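Asker: build me a model from this:
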Amino acid sequence: MTTARLPGDPPGGRRAVAVWGLGVAVYFVAITYRTSLGVAGIDAADRFHINASALSTFSILQLLVYAGMQIPVGLMVDRLGTRKVLMIGIVLFTVGQSGFALSHSYAMALASRALLGWGDAMTFISVLRLGSRWFPARRGPLIGQIAALFGMAGNLISTLVIAQTLKSVGWTPTFAGSAVGGVVIFVLVLLFLKDHPEGYEPAPAAHGCKGFVRQQIAAAWREPGTRLGMWVHFTTQFPAMVFLLLWGMPFLVEAEGLSRATAGELLTLVVLSNMAIGLIYGQVIARHHAARAPLALGTVGATALLWGTVLAWPSPHAPLWLLVVLCAVLGACGPASMIGFDFARPANPPERSGTASGIVNMGGFTASMTTLLAIGVLLDLTDDNFRAAFASVFVLQALGVTQILRLRGRAHRREREHVVASRVEAVHVPA
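Answerer: Have a look, this model is predicted:
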C-alpha cells in the first residue's frame, strides 16, 4: 500500500543528516577512485609504456562513460529510487578500482577505468536526489554544496594518501587497498540507507506509460532552467576537473619544474579551496538566489584571467606565488558548477529531478572529456608544449559563456512563473 504524500517539505533533522551523510560517503569513495589517476599519471605512463594521448584516454574513456550515463542514471533514480542505484554504482566502481589495481596491460586498465566511470556516474545524482527528499527545499543550495565539499575530500585522499602509498608500497597494493572502501560502504548502504522519510515519497510517475523515457527527457529539456544549468556546469567545472583528474601533476612537474611533493601540495590546495569556497557559495545562494549567475560568470572570468596569466608568463616557469593563486582560484570551479543544479532544481518537479540533474551533470563532464582529449593531442603535436595545450581551455569557456548569457533571461522568467504557480496552488490546497 502506498503512503499518501504529506503536504509541505521534508522535516530534515538528525535522521536526515545520518541518511544523507551515508549517501555522501558513497560519493566520497567514488571521488577517491575517480581522482586516484590524477596523482598516478606519471606512474601509469611508465607502467603501461604509453604517450600523452594514450594516457589521456584513461580519463577520457572514464568521463565518456560517466557523461553518457547521466541521463540514463537520472531516469533510473526517478524510477528505482536512490538506494538501488547507489548499490549498483558501488559494485561497479569497486570492481573497476580492483581491476585497475591488477592491470598489467593497457587494454585491461582501460576496461577497468570504464567500469569505474560507470559506477561513479550513479553516485552524485543519487546524492542530490537523497538531499531533496530528506531536507526542505530552501536548504537545497547549501545541501548540494556540502555534498560536493565532502565528495571533494575524497580528492584529498588521492593527493595525500594514494600519492604517498604509491611511492612506498607500489601500484597493486595501493589501488587494491583503496578498493576495500567500496566493500565497506556497500554493506552500510544495504543496511541503513532509505530513499525518503515515511510519508514524503514523491508523486508517482507514470513509468509504465508508452514513451515515458522520451517524455521525461523532453519535459526536463524544455525547461530553460535545465539547459542553463547544463551550460553553467559545462563552463565552470572542467578547468579544475582536468587539472585534478590528470594533467595538473604533469603540468606542474614537467612544465613548471616543481618537485612532485610541491605539485602534490598545490593539488591539495585546489581541493581545500574548493571545500572552503563551496561553503561560502552555498550560504550566499541560499540567502540571495539572484547571486547564482554573477557567481558562475565571475568564477569563469577569474579562472580565465589566472590561466591566461600563467600561460603567458614570459620566463620559462611561472613564479610559485602565481601558481598558488591559480590553484586557489581553480578551487572555485567545483562550487560554481553546483550552481547549475540550483537553476534546474526549481524548474522541475520532484518526480523529474533525477532526469534534470542528469542533463545538468552531463555538461561539465562533456567539457572535461573534450579538454582532456584536446590537451593530450596538442601535447603530442607540439612536443609537450603544455602552454599551447592548456590554451584549449579558453575555447570551451567562450562557448559556455555565450550560452549562459543567451539563456539566463528565459530561465529567470520561467522560474518566476513557477513560483507564482506554486503559491496559487498552495492557496487552494485545503487545510
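Asker: could you report the distance from the nearest residue to residue 125 once chain neighbours are set aside to residue 245?
Answerer: Nearest non-adjacent residue to residue 125, counting by Cβ to Cβ, 6 or more residues apart in numbering: residue 357, 4.7 Å away. To be clear about C-beta, it is placed using only N, CA and C from the backbone, and glycine gets the same treatment. Per Cβ to Cβ, to the nearest Å, residue 357 is found 21 Å from residue 245.
Asker: show me which of these two is the more surrounded one.
Answerer: Taking neighbours as other Cβ atoms under 10 Å, residue 357 and residue 245 compare with residue 357 leading, 33 against 27.
Asker: same for the strand or helix carrying that one, what does it pack against?
Answerer: Secondary structure assignment for residue 357, by DSSP states H and E: helix 353-381. Counting contacts by 3 or more Cβ pairs under 8 Å, 6 or more residues apart in numbering; DSSP states H and E, helix 353-381 is packed against helix 52-80, helix 124-134, helix 212-222, helix 224-242, helix 333-344, helix 386-390, helix 393-428.
Asker: quick one: average pLDDT of it?
Answerer: For helix 353-381, the mean pLDDT works out to 90.
Asker: any idea how far that helix is from the chain center?
Answerer: Its chain's average C-alpha position is 11 Å from that of helix 353-381, according to Cα atoms, centre = their mean, to the nearest Å.
Asker: same question, stretch 396-411
Answerer: Relative to the centre of its chain, stretch 396-411 is centred 20 Å away, using Cα atoms, centre = their mean.
Asker: what is the neighbour count of the nearest residue to residue 78 once chain neighbours are set aside?
Answerer: Distance criterion Cβ to Cβ, 6+ apart; nearest residue to residue 78, sequence neighbours excluded, is residue 354 at 4.1 Å. Neighbour count for residue 354, taken as other Cβ under 10 Å: 30.
Asker: surely residue 354 and residue 81 touch.
Answerer: No. Using Cβ atoms under 8 Å, residue 354 is not in contact with residue 81; the gap is 9.5 Å.
Asker: re the thing from before, next, the contact list for the residue nearest to residue 125, please.
Answerer: Neighbour list for residue 357: 74, 77, 125, 128-129, 341, 344 [criterion: Cβ atoms under 8 Å, 6 or more residues apart in numbering].
Asker: and if we set it to 10 Å?
Answerer: Neighbour list for residue 357: 70-71, 73-74, 77-78, 124-129, 132, 144, 220, 226, 229, 233, 340-341, 344-345, 348 [criterion: Cβ atoms under 10 Å, 6 or more residues apart in numbering].
Asker: next: residue 406.
Answerer: Residues near residue 406 by Cβ under 10 Å, 6+ apart: 224, 227-228, 231.
Asker: what does residue 24 give?
Answerer: Contacts for residue 24 (Cβ under 10 Å, 6+ apart) come out as 17, 123-124, 127, 130-131, 143, 146-151, 153.
Asker: tell me who's in contact with the spatially closest residue to residue 64 that is not a sequence neighbour.
Answerer: For residue 64, ignoring the flanking residues on the chain, the nearest one in space by Cβ to Cβ, 6+ apart is residue 369 at 5.6 Å. The contact partners of residue 369, by Cβ under 10 Å, 6+ apart, come to 56, 59-68, 238, 241-242, 245.
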